[in-house]
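Engineer: 3D model of this:
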Amino acid sequence: QLQLVESGGGLVQPGGSLRLSCAASGFTLDNYAINWFRQAPGKEREGVSCISSMYSTYYADSVKGRFTISRDNAKNTVYLQMNSLKPEDTSVYYCAAGACTIVGGKLLPYGVHYWGKGTLVTVSS
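Structural biologist: Take a look at the predicted model:
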């Protein structure tokens with residue numbers, strides 16, 4: 001069964017850190033770009049970050065300088081290190097495998113083949 005599984009979400013205070021993981025099973029991530037999207041209640045889905053198969057990276061302006069995406073192909077896993085978290089980072093975070101599609105400076109979910117079910121990140125005091 002082909003699937004992506006996110007983990008690492010939880011409750012954290014403002015200014016804190018979390019590391020999200022996206023693990024693949026049933027296929028290898030080597031040849032895929034991996035995206036992180038997020039969606040807060042009542043808001044549109046937002047492209048957060050992407051790492052290509054050649055390790056090129058993209059970050060949304062809202063997270064640039066605070067989030068770092070990385071991949072470990074040996075572990076078939078991609079990570080999103082999130083530092084200096086803010087309440088507005090509260091969302092369900094989804095990883096998606098396929099392509100990094102950037103249009104008008106925004107990461108869009110075109111060319112995505114697989115989605116995870118998401119992990120909830122809550123930033124609150």
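Engineer: Am I right that Val5 is in contact with Gly118?
Structural biologist: No - checked against Cβ atoms under 8 Å, the pair Val5 and Gly118 is beyond contact range at 10.0 Å. Quick note: C-beta positions are derived from backbone N, CA and C, even for glycine.
Engineer: of these two, who's got more company?
Structural biologist: Between Val5 and Gly118, counted using other Cβ atoms under 10 Å, the more crowded position is Gly118 (17 against 14).
Engineer: Phi, psi for that one please.
Structural biologist: Backbone torsions for Gly118, taken as degrees, to the nearest 10, come to phi 100, psi 160.
Engineer: Roughly how far does it sit from Leu108?
Structural biologist: 18 Å (Cβ to Cβ, to the nearest Å).
Engineer: Ok, Ala99 next?
Structural biologist: 10 Å.
Engineer: more neighbours, the two?
Structural biologist: Legend: neighbour count by other Cβ under 10 Å for Ala99 and Leu108, higher for Ala99 (19 against 16).
Engineer: ok, that one - contacts?
Structural biologist: Counting by Cβ atoms under 8 Å, 6 or more residues apart in numbering, Ala99 touches Ala33, Tyr110, Gly111, Val112.
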